[in-house]
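K.L.:
Show me the folded form of this:
(chains A, B, C and D)
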Number of protein chains: 2
Amino acid sequence: MASKERIQRLKDDTRANILEASIDIVKEEGWQALSMRKIADKIEYTAPIIYEYFANKEAILNELTRLGYVKLGRLMELAVSEHSDPAEQLEAMWLAYWNFAFAEKELYQVMYGVEVNCCAMQNMCPDIQLPMNMLWDKIEEIIPPEKRTEEYVDTKYYTFWSVVHGLISINMTRKLTSDELNKQVLKDAISGIINSMR
Amino acid sequence: MASKERIQRLKDDTRANILEASIDIVKEEGWQALSMRKIADKIEYTAPIIYEYFANKEAILNELTRLGYVKLGRLMELAVSEHSDPAEQLEAMWLAYWNFAFAEKELYQVMYGVEVNCCAMQNMCPDIQLPMNMLWDKIEEIIPPEKRTEEYVDTKYYTFWSVVHGLISINMTRKLTSDELNKQVLKDAISGIINSMR
DNA sequence: TTAAATAATCTAACACTGTTAAGCAAAGGT
DNA sequence: ACCTTTGCTTAACAGTGTTAGATTATTTAA
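P.N.:
Reported below is the predicted structural model:
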């Protein structure tokens, strides 16, 4: 009767193997290369048995995001435990978040819907650079001459862009907050950075 | 001989129709529903003729992002023209950026690789909420009691999250800046927000 | 030990996807 | 009238997620 448990253990193994094979494929070839048949190949089965463990492909992605959050949670708990001052703890938590994003790049991508393939033209097209240059130039203009180094302008430019784009993409992937709160965060951040510049 | 021009005009029309049909489909059914055959249906042709106008599907997306940047650039120029003070101009530009992102949601998504379908489970799973709650609670702890309203904590929480996530996703989609600059922006922003809290 | 029942796995197929090659039919030029 | 070019379609290939049916293996019962 203990064979029941052994079989269950084997099933758990296969389930874990499916998830492991998935991130392996993604790490090797990217998210758009992840297919059920490729997963099946890697775990030495055929595609349909995956459906005995996951309802569909999306369920695999959902489980991977869940595991990502578990991992992130552990890292943040670790970060907290290494400090005693709350402000230092908070900073350590955000640094842990940052480090997690790049250490587990693929997990972060599926957790927050960050596409990588997008916009491969990058720098060749001037149309793309124009709006960003406009912002950069205006920031440079505002910064008083004595502080106006390229690095300083860069820092402010990326801070601006990050907070605005971050707020936008958080709102697009999961809308959990109110419009008023959004506008307030936005305006606060913008005027805060502008004030910090001069 | 003027028929050459008429034919060219028709071709330009079809090219524009392909792009228009594409965003129409995306607006109706989302990015993952956009297929060559659906575009062809909408412009009342069959799929292969699309390849007479665009090398492949990605080329369509690239052209749409280019058009997005053109539109964004125009809106930002308009925003600038409505103010004279540089700081007000900059704020208006970011607000234009913000408004563009939601007015042309689909364009913004393809421009910056923001997936929407991601992580549909949202709030049901506690594993997902844990790390975010940890951050929220720690922020609440740092804020002095007299300021500690839920709305205030929310604002600070979203500001933090936005700048960190924004910086991360900008780095993932296009890595154009140095690691040192990133770390500096990150640390500056974190300590800046922490200082602003108390 | 053999027979029946159940579980595990695969093959085949469907309806899609992006993309290409071949063919047809109409228009243009000579 | 013929030939060439253009516009467009049909058919196909290789791939995708997913499901149903058949097949094999394993466990259970007699």
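K.L.:
residues in contact with the residue lying closest to A:Trp136 once chain neighbours are set aside?
P.N.:
Spatially, and ignoring its direct neighbours in sequence, A:Trp136 is nearest to A:Tyr157 (5.2 Å; C-beta to C-beta, 6 or more residues apart in numbering or on different chains). Where C-beta positions appear, they are placed from N, C-alpha and C, glycine not excepted. Contact analysis of A:Tyr157 by C-beta atoms under 8 Å, 6 or more residues apart in numbering or on different chains lists A:135-136, A:139.
K.L.:
And these, which is closest to DNA strand D?
P.N.:
A:Leu135 (39.0 Å; C-beta to the nearest atom of the strand).
K.L.:
ok now the helix or strand that closest one falls within, how far from the chain's centre?
P.N.:
A:Leu135 is part of helix A:126-142, with elements assigned from DSSP states H and E. Computed by C-alpha atoms, centre = their mean, to the nearest Å, the chain-centroid distance of helix A:126-142 equals 26 Å.
K.L.:
Same question for stretch A:20-33.
P.N.:
Distance, centroid of stretch A:20-33 to centroid of chain: 16 Å (C-alpha atoms, centre = their mean).
K.L.:
what about that stretch, average pLDDT?
P.N.:
When pLDDT is averaged over stretch A:20-33, the result is 96.
K.L.:
by contact count, what packs against the helix holding A:Leu135?
P.N.:
helix A:150-173, helix A:179-197, helix B:57-81, helix B:86-103 (3 or more C-beta pairs under 8 Å, 6 or more residues apart in numbering or on different chains; DSSP states H and E).
K.L.:
contacting residues for A:Asn182?
P.N.:
A:167, A:171, B:158.
K.L.:
ok, it to DNA strand C distance?
P.N.:
A:Asn182 is 33 Å from DNA strand C, where distance means C-beta to the nearest atom of the strand, to the nearest Å.
K.L.:
how close does that residue get to A:Val164?
P.N.:
Computed as C-beta to C-beta, to the nearest Å, the A:Asn182 to A:Val164 distance reads 11 Å.
K.L.:
How about A:Met197?
P.N.:
15 Å.
K.L.:
Among these two, which residue is more densely surrounded?
P.N.:
Each of A:Met197 and A:Val164 has its neighbours counted (other C-beta atoms under 10 Å in any protein chain shown); A:Val164 has more, 24 against 20.
K.L.:
so what's that one up against?
P.N.:
Going by C-beta under 8 Å, 6+ apart, the list of residues near A:Val164 reads A:186, A:189-190, B:94, B:97-98, B:162, B:166.
K.L.:
and chain A, which residues reach DNA strand C?
P.N.:
Residues of chain A lying near DNA strand C by C-beta under 7 Å from any atom of the strand: A:7, A:11, A:14, A:44-49, A:52.
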